[in-house]
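*Asks:* Mind folding the following:
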Amino acid sequence: MKMVLALLLLTTSISLFAEDNFSTSSFGSIGAPKKVIGIFLREQITDASTYPERIVGQLASGCTATLIGPRHIITAGHCVYDVDKTEWLNDLRFFPARTSATEKPYVIEWKKVFVQQKFIETGYKSLDFAVIELAEPIGETLGWSGFRALPEAEYYNKIRITGYPADKDLGTMWTVSCPATVENKKLIYQCDTFGGMSGSAIFSLPSDRNNPTVSGVHTWGIGKVNGGVFFDQNNYELVYSWKNSSEQTDVTTVHEKP
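*Replies:* Coordinates of the predicted model:
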């Protein structure tokens, strides 16, 4: 009873933050593949039964994705479309809350993918994000994260990235936190990441908000910095439209499961 009451209070507190540029939460290989810098180290998550760890999952394509709605997950564009081979990746099953090679608490099929047409044509890092619609509303069971647009000049006291790095044991979940800044519409940080964490949601904890929300997607690493797509107003509106299945047809390509 106490747990149920705590969850209700937490959900209520989050709803108070609802605004035009904020999607509320619910509690119910481009770039160099090696991105370990060694300043902000990753920690393993062995129990993903609690929120928000349970809304993070591994894709069968080898990337990471995160629930942002009852049946929608956010990931990187290159996790669903191979720009070099000019072909779709068609095994996009979602394994939320996975923490080991032998454990898959949930295996969720997918229905369709939303990605920008210009990403398919160019592979630009600034366009490297996608939304996958799942075949069932697993978010009604596990919950999902809100997402929001933030001012480009805002400094992030802390971000958190959680995913499935390929330099660790298969199927193990790892998380890392560090500061970040926005430069040229990209989030820049020194959190340790590795191939397989592509598509991980970038959770932000801005100074004016206490609850973590998704404000970007981890996609690349070059030299001594890692980075991802920043949710400015345009990106926010695009993700919002994809989540509500009202895709912006002039910029969006929709790929349905064969």
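
*Asks:* State the distance from Phe95 to Tyr236.
*Replies:* 27 Å (CB to CB, to the nearest Å). Yep, even glycine has a C-beta here, placed from its N, CA and C like the rest.

*Asks:* no, scratch that, I was asking about Thr175
*Replies:* 24 Å.

*Asks:* just Leu127 next, same as before
*Replies:* 14 Å.

*Asks:* Also Leu134?
*Replies:* 21 Å.

*Asks:* same thing with Val254?
*Replies:* 19 Å.

*Asks:* So between those two, which is more surrounded?
*Replies:* Tyr236 (19 against 13; other CB atoms under 10 Å).

*Asks:* mind listing what's buried in the helix or strand that one falls within?
*Replies:* Assignment of secondary structure by DSSP states H and E places Tyr236 within helix 233-243. Buried residues in helix 233-243, defined by neighbour count with 16 or more other CB atoms under 10 Å: Asn235, Tyr236, Leu238, Val239, Tyr240, Ser241, Trp242, Lys243.

*Asks:* avg pLDDT for that helix?
*Replies:* Taken as a whole, helix 233-243 carries a mean pLDDT of 93.

*Asks:* helices or strands next to that helix in the packing?
*Replies:* Applying 3 or more CB pairs under 8 Å, 6 or more residues apart in numbering; DSSP states H and E, we find helix 233-243 packed against strand 72-75, strand 130-134, strand 147-148, strand 252-256.

*Asks:* Repeat the analysis, applying 6 Å as the threshold.
*Replies:* Contact partners of helix 233-243 among helices and strands, from 3 or more CB pairs under 6 Å, 6 or more residues apart in numbering; DSSP states H and E: none.

*Asks:* So what's the gap between that helix and the chain middle?
*Replies:* 14 Å (CA atoms, centre = their mean, to the nearest Å).

*Asks:* now swap in stretch 45-54 and tell me
*Replies:* Using CA atoms, centre = their mean, the offset of stretch 45-54 from its chain centre is 15 Å.

*Asks:* who's in contact with Met197?
*Replies:* Neighbouring residues of Met197 by CB atoms under 6 Å, 6 or more residues apart in numbering: Thr64, Gly163, Pro165, His218.

*Asks:* repeat that with 8 Å
*Replies:* Contacts for Met197 (CB atoms under 8 Å, 6 or more residues apart in numbering) come out as Lys35, Cys63, Thr64, Ile161, Gly163, Tyr164, Pro165, Trp174, His218.

*Asks:* Averaged pLDDT, stretch 141-149. What do you get?
*Replies:* Stretch 141-149 comes out at a mean pLDDT of 93.

*Asks:* Give me the buried stretch members for that stretch, please.
*Replies:* Those would be Leu142, Gly143, Trp144, Ser145, Gly146, Phe147, Arg148, Ala149, for stretch 141-149 by 16+ other CB under 10 Å.
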